[in-house]
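1. Any chance you could fold what I've pasted below:
(chains A, B and C)
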Amino acid sequence: MKVLLLAAGRSKRAKPIEDKNFLRFCGKYLIKHQIEALKSAGFEDIIIVGGVHNLEKLRKVAQKYDAKVVEQKNLDEGMAGAVLSVEDLVGAEDLFIVSGNDVVDSSAYDAMKNLSGADSYLLAREVSEYFPGGYLKIEAEKITGIIEKPGAGNEPSNLINLVLHLHKNPKRLFEILKEVSSEKDDRYEIALDILMKERTFQAVPYNGFWQALKFPQHVLNLNNFFLSKLEKSIAEDAQISKTAVINGNVVIESGVKIFDHAVIQGPAYIGKNSIVGNNALVRESSIGKRSVIGFNTEVARSYVGDDTWFHSNYIGDSIIGNNCGFGAGAICANLRLDEKKIEETNKLGAILGDNIRIGVNTSLMPGVKIGSNTMITSGLVVAQDIEAGKYVSGKIELKIDDNKATIDPEARNAMMLKLK
Amino acid sequence: MKVLLLAAGRSKRAKPIEDKNFLRFCGKYLIKHQIEALKSAGFEDIIIVGGVHNLEKLRKVAQKYDAKVVEQKNLDEGMAGAVLSVEDLVGAEDLFIVSGNDVVDSSAYDAMKNLSGADSYLLAREVSEYFPGGYLKIEAEKITGIIEKPGAGNEPSNLINLVLHLHKNPKRLFEILKEVSSEKDDRYEIALDILMKERTFQAVPYNGFWQALKFPQHVLNLNNFFLSKLEKSIAEDAQISKTAVINGNVVIESGVKIFDHAVIQGPAYIGKNSIVGNNALVRESSIGKRSVIGFNTEVARSYVGDDTWFHSNYIGDSIIGNNCGFGAGAICANLRLDEKKIEETNKLGAILGDNIRIGVNTSLMPGVKIGSNTMITSGLVVAQDIEAGKYVSGKIELKIDDNKATIDPEARNAMMLKLK
Amino acid sequence: MKVLLLAAGRSKRAKPIEDKNFLRFCGKYLIKHQIEALKSAGFEDIIIVGGVHNLEKLRKVAQKYDAKVVEQKNLDEGMAGAVLSVEDLVGAEDLFIVSGNDVVDSSAYDAMKNLSGADSYLLAREVSEYFPGGYLKIEAEKITGIIEKPGAGNEPSNLINLVLHLHKNPKRLFEILKEVSSEKDDRYEIALDILMKERTFQAVPYNGFWQALKFPQHVLNLNNFFLSKLEKSIAEDAQISKTAVINGNVVIESGVKIFDHAVIQGPAYIGKNSIVGNNALVRESSIGKRSVIGFNTEVARSYVGDDTWFHSNYIGDSIIGNNCGFGAGAICANLRLDEKKIEETNKLGAILGDNIRIGVNTSLMPGVKIGSNTMITSGLVVAQDIEAGKYVSGKIELKIDDNKATIDPEARNAMMLKLK
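-> Numbering: from 1, shown residues only, chains lettered A, B, ... in the order given. The predicted structure is shown next:
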C-alpha cells in the first residue's frame, strides 16, 4: 500500500500563515507530526506531494523518514492533480490518501488499517451538530454520495467526510480523474461520485479529535491538541531559577533559561534556547526556538514561533509567527467589549505572520490579522487586518505649551512616608 | 425605644453609585453594617425607611435582623417625610433617628444610650478645623440652634451635628413637622429649631471616626474604616499558591484562589470565589465576590465590587462597581501631573458604576466618573466624566504605507547573547 | 605639582543634563569620583576650576577633599581660560591638567606619575578603529602635532589625545596662552602646537577604559563603568522581603526597602531610602536616593536620579534625572522597529532632565530628550525632543454615542470556570 500525503496546498485561506505544513507545533513541523502518526500506525510507504513553493523543504523532511516527494506541477488542479501526480508511482497498489492539514487522533489511522470487503473506505467523523462540510449519504451500509454543505436539517447522515481515503487498486480512480474536466475545483469529488456508482465505498466511523487547518485561527485548536499530548520533560541543561514555578505537563527544551518568579503553567512547550523572563507567565501555550518571553509578559493559550521577542506584553489566544517583536505594553486584546464571538470563538487575539514589529503600547484588537514583514508603530489601536509588507503609523499631534504648573517638593516626601 | 434608620435617599450626589445602602464593604452591605452596629450597642427595635427604588432589597435585609421596613411614599419630602412615615409605629415611644449613610464608631452608639435629663440628644462631633456642616450653638450647656455652614471663623462652637438624634417622646416633633411647609428642603431642621425653643436639647460629644457617604469618593474613606476593623481569617477551602504572600490583616473568603507570586497586603478583603492572579498585588483594598484580579494587576487602596475582572491593570484609589471589565493595560491614573488635589484629596483614581467595559491600554484620568452600562474602547484617554449607557470611541486614523525598512537577522542573535 | 581639574563647562551638549559634574554615579557625584581617582593615584594638590553656575557646589565638594576652587570668570574662554585662571596659584610648579568629564581607569593616573625626560606628557589612548577626536602626530617618539578629526584613513597614528596633560613648569604655556587670540575656541590646542615647537612632548600610551561625557547618552557608559567597580554590600538596616531576589554585585544603601518578588540583578546600585516595589526588576542600573521603583517596573541598564518615582513602567537604556515621575504604563522604548542604530548604539531609551512628569500609558520613543520642568500628559507618543519647561498634551477627541451593546451575564461565569 502507498500513502499519498497531500502537502501541495498554498495556504491561501490561512493567511497570514505562509505554509501550514511548516508550522511547528511543540517544536515539530505539522508535516512531521502527520508522517509520524502514519508511521506509528504502520503505514510505511509514504509519498508526499508538494508544490514548487515547498518542495525543497519537503524533501529535507522526507529524507529523515525515508519518504518520497513528488511535485504537483499545476497547483491549480487541486487534490485531483495531486492524486494524478503519483499515478506512476502507485500503479495498481492500494492508495491511502491523507490530507496534510486534517489532524486526527492515532485511532483514526488505526481504523484505516486491515480493511476488507469494499473497494474504497472514507474516514467518517460523527458529528452531533451541523458542520459546513461534506456529508456522507449512506444506503444499505454503503456510501452512495457526498453532499457538500447540505445546510442544517438537510444532513443525509451524521457522518462528515474526512480526507483519509483508502482506495484498493486505484487504477480506475486515476482513469476517471483524467476524464473529469480540469476546470472544476471539485474534480476529485466528482471522480469519487462516478466511482461510487461502479464500486463499493464504505464509511469508517470515527469519534476522536479532528481539526482541519483551513483558517489561521485553527492553529490554536491544533496547538491545544499537540500540547495535550505532551509528557513532562525538562532538559538537563535548561537553567531554571529557584523562584520560578513549573506546573503541570511542561516540556522545556535544551538551552532554555527561565528567570526569577516566572511561571510555566502546563500544558506548555518551550523550544530550544528560548528565554522566559522575570515574572513572565506562559500558560497552555507553545513557544518556538530562540524566542524571548520577556519581563512581565503573559502568553496564554497561544502559538508562538521561533525568534520572536516579547517584553511586558499580553499575548492571549493569539498566533504569532517567526521573528516577530513586540514593544513593551503592546497588547493583543482577546475579548470584545460586548463579549460577542470573534471568528466563532469567545476569545481570539491577534494572528501574525513572520518578521513583524509592533511598537510599544500598541493595541491589536481581537482577531486582527497582520501580514508578514509589516511594522506597526507605537501607541496605535489596530482594529483592521493589515496586509503583508506594510508600515503602519498614526497621526501624532502634540500640543506644546509653556508649563505653568509647579510641583510642591514636599508632597512627594509625604507620600513616601505612606509607602510600606 | 424605636430606632429609625434612614435609607430612603436616592444617592443622587453619589452617582455613578446607584444605591449607597447596598454598597458591599468587606462583603457586607453598608445597611447591614449600620444595623449590626445598632444591634451591638443594644438598640433592638429598628424601623428602616426606604423608597420604592430599594424597598424590596431592604425588606430582604430587614428579615434577617428582625427589623421593620416602612416605605416613604414621597421621597421629595426628605428626612421630614421619613420621620413622619413612622409616626404611627412610634407613637409616644422614644425615637432614635440614625442616618444610613453617616458611619461612626461603636462608641457613638454607646454614647447615645442611657441618656437622661434632656428631651432630645444630638450626637456632636468635635472638629478642629472648619467643616462645611451644621454647627451646634450651645448656651448654658443646652443646644439652642444649628447653624448650617457658618463659614470659617464664624463657628458658634466646635461641634458638628451628626444625624444620630434621640428624641424622648417625639409626639411634639411629629406635630411640628406636619406644621412646617413641605416646600422646604430643610423641614426637619426647621422643626428642630422650633422644638428647641420648647424643650431641652443636649449635645452628646463624640471624637471618633465619622464619614458621611455623600459624594462617591467618600466610599474610599468608608472602605478604609471597614478594612481597619478586619481580623485576619482565611477560609479553609481557599486555594493559596505556596509562592503567594499574605501580609497583615487579610480576610480571604471561601472559594478564593490566589495564584503564584500574588501578594495580598493587608488590610484587605477578598470576597467569595474571587481569583487573585499571578503576580497580582492587592493592598489596602476590598474585593467583592467572583471578581478576578488578573495577572500583574495592582489594586491599591480601592473598592472593587462583585463580578469585576481586571487583567494587567493599575487600579489605585478607585471605586469600581459590579460586573465591570478592564482590558489589559487599562489604567486608573490617581495622581495629577502637577500633584494638585483632586476632590480635596491627594490621590484619587476613577469611580465606576456597574456593567462597564474599558478597552485595553485605555487611561482614565484622576477622579473621572463613569456611569453604569458604559463601554469605552481601547487606547483612549478619558479626562471627563461619562454618563451612564454610553459607548465611547476615539478617532482612529492609521496611515498605511509600504514598509521600506529591513531588519538585520543577525542583530537579534547578538542581543540574545547579552541576556542573562 | 598642582592638578588642575576642569569643571567649569556648562554641559551645553549634554542637555537635558544640567551639570555633568554633579551627576551622581552609584551615589557619588562624578566630580567626587574624579577627585578620588586623583587622590588614590597620589595627586594631592588639586585646584578645581568652576564657573558661576556651580562654584558653590564645587566649594562644598572641595572642602571634603582639602582641594581649592578657582572661578573662571569668562566661561567663553574655554579650556584656555580655565588654565589661565590658575596661573597665579601654579606659578612654576608642574601642572597636571585633568578633564572633569573624561573618565579613565586608575591605571591612566598611575601612568602620569613619575614621568621624566620630556617637558609635557599627554595621555594617549590607543584606538583600533577611527574615532572623531584629536590624533597625535608622532615623530621620533615625540608628539609633533594634534590633528583634529583627520577622517578615517588619514589618522597620523593610532593615538587619541585625552585631556590628562602634564606640563613641567608651565610658565611658558601660560605666556603662549595669553598671546593666542581669545576669539578662538581651540586656543589651548593652538598654544600646545606652538609649545611643541619649543619643547618636548611625549605620549603616554593607555589602553584602559575611557569615556568622555560629551553627549547625554554617554552617561550610560559611565554608569556601566562605575557599576562594574561595585563590591556587593547591603546596609544592615535595609528591609528586604524574604521573597525578593538579589543576584550579583549589588550595593543596597541604608534605609532601602525591597518588597516581595522584586529582583535586583547586579551590577546595580540602590541609593539611600529608595524603595523597590513588588515584582519590580532593577538590573545593571543605578538608582539614586529616595526614589521609588514601583510595582512591576523594570529598570534595565539605566541611570536614575534622586526622588524619581516609577510605577509599572519600562525604563530601558535610559537616563532619568531627579524628581521625575512616570505614570503607570508609561514606557521608554529603547529599540527602533527597524533595529537601526540610535545615536550610534543599538539600544537607547529616553533622556530626561529634572522635575519632569510623564502621564500614564505615554510612550517615549528611542533617544528622545525631555528638558527639565516639563510635563507630558497621558496616552501620548513622543517622538521628538521636548525643550525644558513645556507642557505637552495631545488632541483628545472622544466620540460618545449611546451604548447599544448588551452583555450576556452568563458568559463571564462560563469563563470563570476555565480559570485555574
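2. Residue A:388 is in what secondary structure piece?
-> Using DSSP states H and E, residue A:388 falls within no helix or strand.
3. close enough to count as contact, it and residue A:354?
-> No. Between residue A:388 and residue A:354 there is no contact under Cβ atoms under 8 Å: 9.2 Å. All C-beta spots, glycine's among them, are computed from the backbone N, C-alpha and C.
4. Residues that sit against both of those two, list them.
-> A:372-373 (Cβ atoms under 8 Å, 6 or more residues apart in numbering or on different chains).
5. neighbour count winner among these two?
-> residue A:354 (21 against 18; other Cβ atoms under 10 Å in any protein chain shown).
6. Spatially nearest residue to the more buried one, not counting backbone neighbours?
-> Excluding the flanking residues, the one nearest residue A:354 by Cβ to Cβ, 6 or more residues apart in numbering or on different chains is residue A:321, at 4.1 Å.
7. now do residue A:386
-> Closest to residue A:386 by Cβ to Cβ, 6+ apart is residue A:370, at 4.9 Å.
8. how about the one you found, what does it touch?
-> Contacts for residue A:370 (Cβ under 8 Å, 6+ apart) come out as A:16, A:350-353, A:356, A:358, A:364, A:376, A:382, A:385-386.
9. same deal with residue A:342?
-> With contacts defined as Cβ under 8 Å, 6+ apart, residue A:342 is in contact with A:336, A:348, A:366-367.
10. In contact with residue A:70, which residues?
-> Residue A:70 is in contact with A:47-50, A:85-86, A:89, counting by Cβ under 8 Å, 6+ apart.
11. Spell out for me the ChimeraX command that would select the buried members of the contacts of residue A:370.
-> Only the buried entries of the contacts of residue A:370 go into this ChimeraX selection, using 16 or more other Cβ atoms under 10 Å in any protein chain shown:
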select /A:16,350,351,352,353,356,358,364,376,382,386
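12. and the contacts of residue A:370 as CSV, adding secondary structure?
-> Shown next, in CSV, are the contacts of residue A:370 (DSSP: H, G, I helix; E, B strand; the rest coil):
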residue, secondary structure
A:16, coil
A:350, coil
A:351, strand
A:352, strand
A:353, coil
A:356, coil
A:358, strand
A:364, strand
A:376, strand
A:382, strand
A:385, coil
A:386, strand
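13. May I ask which helix or strand of chain A has the lowest mean pLDDT?
-> One helix or strand of chain A scores below all others by mean pLDDT, DSSP states H and E: helix A:409-418, with a mean of 72.
14. Could I get the buried residue list for that one?
-> Here helix A:409-418 shows A:412, A:416 as buried, counting by 16+ other Cβ under 10 Å.
15. outside of it, which residues touch it?
-> B:339, B:346-347, C:273, C:275, C:290, C:292, C:307, C:309, C:323.
16. Out of those residues, which are close to chain A?
-> B:339, B:346-347, C:273, C:275, C:290, C:292, C:307, C:309, C:323 (Cβ under 8 Å from any Cβ of the partner chain).
17. Quickly name whichever of those residues is closest to residue B:132.
-> residue B:346 (19.7 Å; Cβ to Cβ).
18. isn't that closest one right up against residue B:339?
-> Yes. Residue B:346 is in contact with residue B:339 according to Cβ under 8 Å; the separation is 7.4 Å.
19. who touches stretch A:49-69?
-> Stretch A:49-69 is contacted from outside by A:4-10, A:19, A:21-22, A:29, A:31-32, A:35-36, A:39, A:46-48, A:70-72, A:75, A:82, A:85-86, A:89, using Cβ under 8 Å, 6+ apart.
20. Restricted to helices, list the residues you listed.
-> Within the contacts of stretch A:49-69, residues falling in helices by DSSP state H are A:31-32, A:35-36, A:39, A:82, A:89.
21. Buried only: go through the residues you listed for me.
-> A:31-32, A:35, A:39, A:82.
22. any idea of the pLDDT on residue A:253?
-> On the pLDDT scale, residue A:253 is placed at 98.
23. Report the contact partners of the closest residue to it other than its chain neighbours.
-> Leaving aside its sequence neighbours, residue A:253 sits nearest to residue A:272 (Cβ to Cβ, 6+ apart; 4.4 Å). Each residue near residue A:272 by Cβ under 8 Å, 6+ apart is listed here: A:27, A:253-256, A:289-290.
24. thinking again about what came up before, need the contacts of residue A:370 in JSON lines (columns: pLDDT).
-> Formatted as JSON lines, those follow (pLDDT from 0 to 100):
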{"residue": "A:16", "pLDDT": "95"}
{"residue": "A:350", "pLDDT": "98"}
{"residue": "A:351", "pLDDT": "98"}
{"residue": "A:352", "pLDDT": "98"}
{"residue": "A:353", "pLDDT": "96"}
{"residue": "A:356", "pLDDT": "96"}
{"residue": "A:358", "pLDDT": "97"}
{"residue": "A:364", "pLDDT": "97"}
{"residue": "A:376", "pLDDT": "96"}
{"residue": "A:382", "pLDDT": "96"}
{"residue": "A:385", "pLDDT": "97"}
{"residue": "A:386", "pLDDT": "96"}
